[in-house]
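K.L.:
sequence? don't have it. structure:
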């Protein structure tokens, strides 16, 4: 898929292989097919993402020439319901809960 504002950049959306088929070259074949398509279609830069814990895919990406550019940290918080923090300005409660009434 397109990546950023550059016409010659694309992103690999997802590479997934069933567990039973892993370590048989399927992921490598999928990635090499994507690389060949990109080259044939004028894409000069490819971007891919790998989550922490998927060291096998990270190693595959590195073998195919991908370089680590940045790491992303995602954070989230669960807000308690029925508190002022959990309510937006219109009085609706985040998370779909209905505020208690007296």
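P.N.:
Noted; the coordinates are in hand. Computed from a predicted model, the values in this text were never measured in an experiment.

K.L.:
every contact and neighbour count from this point should use C-alpha atoms.
P.N.:
Noted.

K.L.:
pull out the buried residues from the longest helix along the chain.
P.N.:
Looking across the chain with DSSP state H, the single longest helix is helix 26-40. Buried residues in helix 26-40, counted by 16 or more other C-alpha atoms under 10 Å: 27-28, 31, 34-35, 38.

K.L.:
state the distance from residue 22 to residue 70.
P.N.:
Here residue 22 is placed at a distance of 26 Å from residue 70 (C-alpha to C-alpha, to the nearest Å).

K.L.:
so for these two, which residue has more residues nearby?
P.N.:
residue 22 (12 against 6; other C-alpha atoms under 10 Å).

K.L.:
pick out the residue nearest the middle of this structure.
P.N.:
residue 49 (5.4 Å; C-alpha atoms, centre = their mean).

K.L.:
greatest separation within the buried residues of helix 26-40: which pair is it?
P.N.:
27 and 38 (16.5 Å; C-alpha to C-alpha).

K.L.:
sorry, back to before: which one of the buried residues of helix 26-40 is nearest residue 60?
P.N.:
residue 28 (7.0 Å).
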